[in-house]
Every structure is written in structure tokens, then in C-alpha cells.
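J.: Pasting the sequence and the predicted coordinates here, then a few questions.
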Amino acid sequence: METLLTTGLLETTPILLAALGGAINREAGIVNIGLDGMMLAGAFIAVFVDWQAHSAVLGCLAAIGAGAVVGLLFALPITRLGANEIVAGLGLALLMPGLFGYLLPIYFGQASTLQPDNVAAVNVWHIPGLSSIPGVGAVVFSQDPITYVSWLAIPLTWFLLRRTVFGMHLRAAGHNPEVATAQGLPVRRLREASTVIAGALSALGGAQLALATVQLFNKDMTAGRGFVALAAFYFGNSRPALTAVAAFIFGIADAGSIRLQTAGLPDQIPEMIPYLAVVAALVVVALRRRAAARSIVEQVAPADGLTPSA
Amino acid sequence: MSRFQPAAAPARLLRGLGPLLVALAVGAIVLAASGRDPGSVYHLYLVQAAGTWPRLASTFAAATPLLLTGVGTALGFRAGFFNVGLEGSVYVGALATAWVAAELTGVPGAVVAAAALLLGVAVGAAWLLLPALLRVQLAIDEVVTTLMLNYVAIALTSYLVLYHFLYQTVGNAQTPPIVHSAQLTPLVSGTTLTVAGPVALAIVLAYGWFLRRSRLGIEVRMVGDNPKFAAAVGFSVRRSALLTMLAGGALGGLAGGFVVLGVTYNFTNGFSTQPGFGYSGIAVAVLGRNSWLGLLLAALFFGGLSSAGGVVQLFGNIPIALTQVLQGTLMIFAGVQFVRARRRRQAAQRHSPLAEEPVVVQGSGT
């Protein structure tokens, strides 16, 4: 049980970071399907810079920077040239493994994996005091620093979106672009900024994936986690706490599927959980929305048989 | 471009050239940066994709599933529905086809093949029934549901193959080979161009006819162009949604089925290789701007990239992943309009009446 929690928390981190980024992005009006590609870019840059500079911290910082740049480059065709965000997102998720699949053989002589010898790991930090709490304390408070950052990012995301002027502007750009524009807000620039944040957070998730447990890069190492992150922020309706809960559930499911696989049992069933969960969540939200709309109609016009168009 | 708006066919085709040039330019930069001469690499691609009749036949063969998924995706786009779930239909359709074609014995091969394809088509369509119904009944955004179901389909087929239908695990898990007589024979020896090619060609022509000449097709187009107006004059948005999404799923199932009967002769986990026939179909639909001729040209372009890719890797020492780079870049820039910014803004203000919350938000803030 404790190992499931350990692996689950480890698996949660990249999903959580990307999901929070995706939530911010969506609040600002861009549904980011390219999170997976951003995560992969972060994983590569983290390993490469760590290897060259012999520093995990520099590797992570470089990943954040690279993610921000990828985010900006991804946002510009959407905000400035009218590219379709869904198709572009799928394109980015496709482009990144392709790019590394092209570059790795040429520059490193490897088909798909970059595993240099002396890459510094992102090590576990035992939080003094808390990690000696009996039971789960040793598990929960013996994580890598990126995981702690991902936990801090939950309230920070909420604070950013709900309590800062910038966050308010982001949400205005997403929820009511016409009014935001009329108010003189730079809607396109706000959307670009939100995509930059999504890129940075996803890339940090990628850095954790590449440096925390293993110290290597593989062009397929995200294994669709960016899409699980998409499921998480959809499940959480872009609210940070609920998104985090979803990311955690999906992380545990991921850990479960790894264990089933090791035991030779079907791991495909837990693999489906995030994707089915988000469909179920969307149904629940839609039913609730319809019930709410119906009750309003009944209050306003109880007898005329009008129903809100679904 | 949340929903791809119409334009005169030639203008629409020309606009597809912009993203294509951007993708080729990005590819050239990547090639030049890695010490390759882009001109000679592209020349090698062209020769290998279309230099001889057999190479051209290979390109057409590689284009066949993309043509089917491209048409299937374009149907949804044309009606204003963002169905990105054909990848899932390809998987479940292919598995259904492989199952029938391996288990059904004692009847002529043609009957086996027909029955297998029929089930593949039906299962492919059925796969998208849920997202289609959720869309028309509860206004649930089809982008997310169809995308999520792709992953479910891949995991589900993988499970079924491993635990219920396993033949052997050499590399990826596989189902038993289909009966020999059900294999589609190549029309050009040494290629995988089978009857599937002409069928796909007929389907893309039928798609063009359907949208232009049939009453239902005109209804689909009107719903796509202006759903509010279409609903006001009595056209059914629901019917268009169900029709185009299920037909899309059917075409995805057909694409998967044809690959099984004519190329792989079994179902292998992960057979829809990167980027996947369904995802490539999205690229085909956006590059071809939903016109039948555009779809045909776009499918041939991607088919050429993939049929030449292997040879170029071998002789030109160019990793085959370059294809993915080109395709990914193309998709990022696919919806870009380098001209006519005003129309884009108009499009931004148009939402389908089914969508309570327009999730596909136009990125124009002006």
C-alpha cells in the first residue's frame, strides 16, 4: 500500500504540473492539447543541460525556460495567425517526439534514448520532522523537490487566477474576450502569457520525469501523460484543487497499472481510467447544468412547456 | 478557425499551400541545421515517392487509409463538429476485421473479406456513437470525448489482443493471421496497393458529390456554415451531427479494416504507427480544407512522405522521424490564414447552437 502511494505520488507530479498549466491556459481561453509535447521538450532539455552543466538545478531551470519558449512559439500561430488550437496542439504533441527522433540519431547516435553517464539526479528531500510522522509521513514527505513545488503550485494557481489582477485579466480573456477587448485588455497577449505558463509548468513536469527516478531521456517517455493532464483539468473543470485531486487519482491509477504489469496482469484497464473518468465527469457536469437550466425555466415559465435547448 | 468556413474551392486549395510551405521551410531548417542539404533530401523524397510507377503505386497505397480517415474527419468538420476520434475507430474497426477474417472459415475468401470489413465499419461507427449522442443530447464537447476515447480504444484493443485473442508476441502482441483467401491481392506487384485504393478514391469522389449535389449534403454544409440559420429554416443540427460523426467512425473502421486485409494480415498492437492513421486524417482534412480534391492531394502528400520515408532513411541517412516533424509543423500551421484576417474575426463570433460553451476559442483578441 505504501509503495503504491509512493509510486502514485511520483507519477502524479508531471501530470499535476501539466494539468495546472493546462487549467490556467484554458481559463485564458486556449485548450492546450500540446501539453505532452511541452513536457517532452522539458524532459530533453533537463537531461541535456544537467549532463552538460552537471547540475540538476540548472537542468530544471533550463527545462522551465525551454517550456516557456515552446509555449510562446505554440501560442503565436494560434493568437496571431488564427491557427486552430486543437489541430495545432495535436501537431505539437506529434512534432516533439518527431524532432527528438530525428535529432537523437544524428547528434547522439541513439535511436530514441539519451542516457549520458553523469547526469545529476533530482534527489529526494526528507522534510525534517514531517517525514518522521509514523505511517504515511515517511512516504508523503520524502519526495523530490519538484514534487513539493507541484504541491505548492496548487494554491498558487488558485491565488493567481482568483486573487491577482493578472489572473482576473486572464480569466476575462478566456471567458469573455469581447468584453475584455472592449475594456482594453490585451487578450492575445494574455493568452500567450497563459500558454507560456502552461509550457513552463509542463516542462518542469517533464524534468521530474527525466531526472527524479531515472536519469535519461526517451522520445516516448511522456507516454501520453500530457493527455492525462488534459483529462485532469477537464475533470477538475479548470479548478486547481479539483484538478489536483484528478491528477492524484490518475497518478495512483498509473502506479496501479505499473504494478499490474509487473505482476503480469492486464494493466490496460487502469490505463483507461483517466480517459473514461473525464467523459463521465463531462456527463455529470452537463446533466447538472441541464437540471439547473430547467429549474430556472420552470421558475420563469412554468406552464408553457419550454425546455432549454440542449 | 474554430469551424472551417467555406470558400471557393480553388481559393481554399491555395490557402492550403501556405502551411505546406511553412512545414517544408521548417523541415529545411532542421535538415540544414543537421548538415543535410534540404534540396537534395526533398528531391530524394520526390523521386522515391513518385519517381516510378511502382513508387507512385506505393504512395497511393500509403495514402489510402489517410484518404478514408481524411474524408471521415472532413465530414465532421464540414458540419461544424470537431470529431478527432477516428484513431479509435481505426483501432476497434481493425480488430473487428481481423477477428472475423481469422475466425470465419469454410466460405469463399471474398465473403470473408466482405463480412470482415462490414463488421469493421459497423464497429468503427458504433465507437463514435457515444460521443455523438453526448454531443446532441447534452451538448458535451466532442473534441474532448472523441480524443479521450482514442486512448480507451488503444488500451481496450491491446487488452483484447493480449488476453482473448493472442496469437504470438513477436515485438508487439498480434492476433492470428487472417485466412489466406481473404487477403486482398496487390494490384501492382511489390506494393500494398489493393482494391482499397480505388474504393477510397471512389469514396472521396462520392464525398464531393454528396456535399454538392445531395439534399442531405447541402443540409450538412448549411449546418456547418451557419447552424443558427440552418436550424431556423428547419434543418436538423442533430441529424447532421449524428450522420457525420457516425459516418466518420465508419470510415475510420474501414481504413483500419483495409490495412488489416491488405497490408498487415493481422491486428498488431500499435499498428496505427506514429502519428496514427486517424490523426493523420485530421492533418489531411485541414490541409485539404475539406474539399474532395484537397483531401486527395493532401492524402497523396502524406502518403508520399511515408512511402518514401523508409527508403530515404536507408539511402539518405535521414531519420524517418523527419516525416513526423513535417506533419506536426503542418498541423500547427494548418488553420493559419496568411490573408483575409477579417473573415477570421467573423468566424470567431460564430458558435454552434449546440455548444453552450465554445471550447474551441478563436485566438483573436481584436
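T.: Sure thing, it's come through. Numbers count the residues shown, from 1 in each chain, chains lettered A, B, ... in the order given.
J.: drop to CA atoms for contacts and neighbour counts, all remaining ones
T.: Fine.
J.: Helices along the stretch 201-350 of chain B, start to end?
T.: In the stretch 201-350 of chain B, the helices defined using DSSP state H, counting those that start in this stretch lie at B:215-225, B:227-232, B:237-259, B:277-287, B:292-316, B:322-333, B:341-348.
J.: helix, strand or coil for the residue of chain B most remote from its centre?
T.: Computed with CA atoms, centre = their mean, the maximum C-alpha offset from the centroid of chain B is found at residue B:106, amounting to 34.0 Å. Here residue B:106 is coil, with the state taken from DSSP: H, G, I helix; E, B strand; the rest coil.
J.: Number of residues surrounding residue 140?
T.: Picking chain A for this. Close neighbours of residue A:140, defined as other CA atoms under 10 Å in any protein chain shown, add up to 18.
J.: meant chain B actually
T.: For residue B:140, using other CA under 10 Å, the count is 25.
J.: now it, nearest residue through space, not along the chain?
T.: residue B:134 (5.6 Å; CA to CA, 6 or more residues apart in numbering or on different chains).
J.: least trustworthy helix or strand in chain A by mean pLDDT?
T.: helix A:137-140 (a mean of 82; mean pLDDT, DSSP states H and E).
J.: Just list what the helix or strand just after that one packs against, helices and strands only.
T.: Using DSSP states H and E, the helix or strand that follows helix A:137-140 in sequence is strand A:142-143. For strand A:142-143, the helices and strands in contact under the criterion 3 or more CA pairs under 8 Å, 6 or more residues apart in numbering or on different chains; DSSP states H and E are strand A:125-126.
J.: which stretches of the chain form strands?
T.: I went with chain A, as the question did not name one. Assigned by DSSP state E, the strands in chain A fall at A:113-114, A:125-126, A:142-143, A:217-218.
J.: um, chain B though
T.: Applying DSSP E to chain B gives strands spanning B:168-170, B:172-174.
J.: Which of those strands comes out lowest on mean pLDDT?
T.: Ranked on mean pLDDT, the bottom entry among the strands of chain B is strand B:168-170, at a mean of 69.
J.: Verify the stated contact: residue B:321 with residue A:96.
T.: No. Look at residue B:321 against residue A:96 with CA atoms under 8 Å: they stay out of range, at 10.0 Å.
J.: still on that earlier bit, please identify the deepest-packed of the strands of chain A.
T.: strand A:217-218 (a mean of 24; mean count of other CA atoms under 10 Å in any protein chain shown).
J.: For the residue most central in space within chain B, which non-adjacent residue is spatially closest?
T.: The residue lying closest to the centre of chain B (CA atoms, centre = their mean) is residue B:281, at 2.0 Å. Among residues not flanking residue B:281 along the chain, residue B:70 sits closest, at 3.9 Å (CA to CA, 6+ apart).
J.: Looking at the one you found now. What's its pLDDT?
T.: Per the predicted model, pLDDT is 97 at residue B:70.
J.: What residues does it make contact with?
T.: Taking CA atoms under 8 Å, 6 or more residues apart in numbering or on different chains, we find residue B:70 in contact with B:278, B:280-285, B:295, B:299.
J.: at 6 Å what do you get?
T.: B:281, B:284-285 (CA atoms under 6 Å, 6 or more residues apart in numbering or on different chains).
J.: Which residue comes closest to residue 146 once chain neighbours are left out?
T.: The chain I'm using is chain A. Residue A:146 sits nearest to residue A:208 (CA to CA, 6+ apart), 6.3 Å away.
J.: ah, no, chain B please
T.: residue B:85 (4.3 Å).
J.: The one you found reaches residue B:145, doesn't it?
T.: No. The criterion here is CA atoms under 6 Å, and residue B:85 misses it with residue B:145 at 8.0 Å.
J.: more neighbours, those two?
T.: Using other CA under 10 Å, the more surrounded residue of residue B:85 and residue B:145 is residue B:85, with 33 against 26.
J.: how close does the residue farthest from the centre of chain B get to chain A?
T.: 34 Å (CA to the nearest CA, to the nearest Å).
J.: list the contacts for that residue?
T.: By CA under 6 Å, 6+ apart, residue B:106 has no neighbours at all.
J.: for residue A:138, same thing?
T.: With CA under 6 Å, 6+ apart, residue A:138 has these contacts: A:131-132.
J.: and it, how far is that from residue A:147?
T.: Computed with CA to CA, to the nearest Å, the distance linking residue A:138 and residue A:147 is 15 Å.
J.: isn't the residue nearest to the centre of chain B right next to residue B:66, touching?
T.: Yes. Counting by CA under 6 Å, residue B:66 is a contact partner of residue B:281 at 5.2 Å.
J.: and residue A:219, what does it touch?
T.: Contacts of residue A:219 (CA under 6 Å, 6+ apart): A:97, A:112.
J.: at 7 Å instead, please
T.: By CA atoms under 7 Å, 6 or more residues apart in numbering or on different chains, the residues touching residue A:219 are A:97, A:100-101, A:112-113.
J.: Over to it: give its phi and psi.
T.: phi -70, psi -10 (degrees, to the nearest 10).
J.: Can you read off the pLDDT for it?
T.: So residue A:219 comes in at 92 (pLDDT).
J.: now residue B:350
T.: pLDDT, residue B:350: 41.
J.: Who are the contact partners of the residue of the stretch 201-350 of chain B found nearest chain A?
T.: The minimum distance from the stretch 201-350 of chain B to chain A, using CA to the nearest CA, falls at residue B:332 (3.7 Å). Contact analysis of residue B:332 by CA under 7 Å, 6+ apart lists A:83, A:87-89, A:91-92.
J.: Sweet, I'm off.
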